[in-house]
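> make a model of this:
(chains A and B)
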Amino acid sequence: MKKFDIFVGIVLAIIFVAIYIYLQDIDLIFHEEVLDFESIAKTMNIRNMVTTIYLGPRILDTVLEVMVVFLTVIGMKFIRSE
Amino acid sequence: MELKESVILRSTISKLFPFIMLFSFYMFSYGAVYPGGGFQAGVIFGTIVVIFELVFEQRLFTNKIYNWLEFFGIIIIFSALIYSFSKTGFLFGDMYGYFSSSEVFTNVFIWILNFAIYTEVAGSIILIFRHFIEWDYEEV
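Numbering: from 1, shown residues only, chains lettered A, B, ... in the order given. Alright, predicted model coming up:
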């Protein structure tokens, strides 16, 4: 059991070192569009950034999903009436 | 043993039912400001009604009421779609501008649309379930 714990510790240490070395090569870039989303969130009183970004496409997406459900009900009624 | 004979199921569903209903209202009313929205809330509503009907073996409301609920939602969605398209030429265009300082009604249009989707999906889920049950019963 003790050998297994040491083995897991070594593996985890190697993973952490690998991640640390990998992260050093990543350049952090500030996306300017975040400022636009921030102003939209302030104007529309939205409290969540995900909602701010996804609000527009989500409506169309949801309406299409609703149409699918609605057509399912109509289809079932039609098949049962046959 | 049938579902309605289980004391655990009956007491759990009867205790949780109002809270799950409340959670579904919360989900759709906060859909404009938080992730989540009408579709999920409608599914939650539909599911708890279906579970209730399965466990207690009784119908909460008639099919006609759920048909009207579904129809009501569809009418609001199509009205908003036609209005926005005739006004701006885009689907749901120029409708994000109606907002208030209130936390729940922060974006009025999204709130109304969420409500429409909520009623439509809730009605549909229950109707689909009932059609399957009746279908199965007719075949037997």
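> which helices and strands does the longest helix along chain B pack with?
When chain B is parsed with DSSP state H, its longest helix is helix B:108-139. Counting by 3 or more CB pairs under 8 Å, 6 or more residues apart in numbering or on different chains; DSSP states H and E, the packing neighbours recorded for helix B:108-139 are helix A:49-81, helix B:7-29, helix B:38-56, helix B:63-88. (C-beta placed from N, C-alpha, C; glycine too.)
> buried ones in the last one?
Buried residues in helix B:63-88, defined by neighbour count with 16 or more other CB atoms under 10 Å in any protein chain shown: B:Y66, B:L69, B:E70, B:G73, B:I74, B:I76, B:I77, B:A80, B:L81, B:S84.
> check the offset of it from the chain's centre.
Put simply, helix B:63-88 sits 14 Å off its chain's centre (CA atoms, centre = their mean, to the nearest Å).
> that one packs against which elements?
On a contact count with 3+ CB pairs under 8 Å, 6+ apart, helix B:63-88 meets helix A:49-81, helix B:108-139.
> what's the angle from it to helix B:38-56?
Helix B:63-88 and helix B:38-56 meet at an angle of 180 degrees, taking axes from the mean of the first three to the mean of the last three CA atoms, to 10 degrees as the criterion.
> one step back: and B:R10, which of the helices and strands packed on helix B:63-88 is closest to it?
Nearest to B:R10 among the helices and strands packed on helix B:63-88 is helix B:108-139; the distance by CB to CB comes to 19.4 Å.
> return the distance of the closest one from the chain's centre.
7 Å.
> next one: stretch B:76-96
Its chain's average C-alpha position is 22 Å from that of stretch B:76-96, according to CA atoms, centre = their mean.
> give me the mean pLDDT for it.
Average pLDDT, stretch B:76-96: 80.
> next one: stretch B:22-39
On average, the pLDDT along stretch B:22-39 is 82.
> if we can go back for a sec, go through the helices and strands packed on helix B:63-88 and pick out the most buried.
Compared across those, helix B:108-139 shows the largest average neighbour count, a mean of 20 (mean count of other CB atoms under 10 Å in any protein chain shown).
> what is the orientation angle of that helix with helix A:49-81?
Inter-element angle recorded for helix B:108-139 and helix A:49-81: 30 degrees (by the same axes, to 10 degrees).
> state the mean pLDDT of helix B:108-139.
The predicted model assigns helix B:108-139 a mean pLDDT of 84.
> equivalent analysis for stretch A:9-24, please.
Mean pLDDT, computed over stretch A:9-24, is 92.
> over to stretch A:69-76?
Per-residue scores along stretch A:69-76 average to 89.
> what's in contact with it?
Residues outside stretch A:69-76 that contact it (CB atoms under 8 Å, 6 or more residues apart in numbering or on different chains) are B:E70, B:I74, B:E120, B:V121, B:S124, B:I125, B:L127, B:I128, B:H131, B:F132, B:W135.
> centre of the chain to it, how far?
How far stretch A:69-76 lies from its chain's middle: 30 Å, per CA atoms, centre = their mean.
> same check on stretch A:67-81?
How far stretch A:67-81 lies from its chain's middle: 32 Å, per CA atoms, centre = their mean.
> spatially central residue for chain A, please.
Central residue of chain A (CA atoms, centre = their mean): A:V50, 8.3 Å from the mean position.
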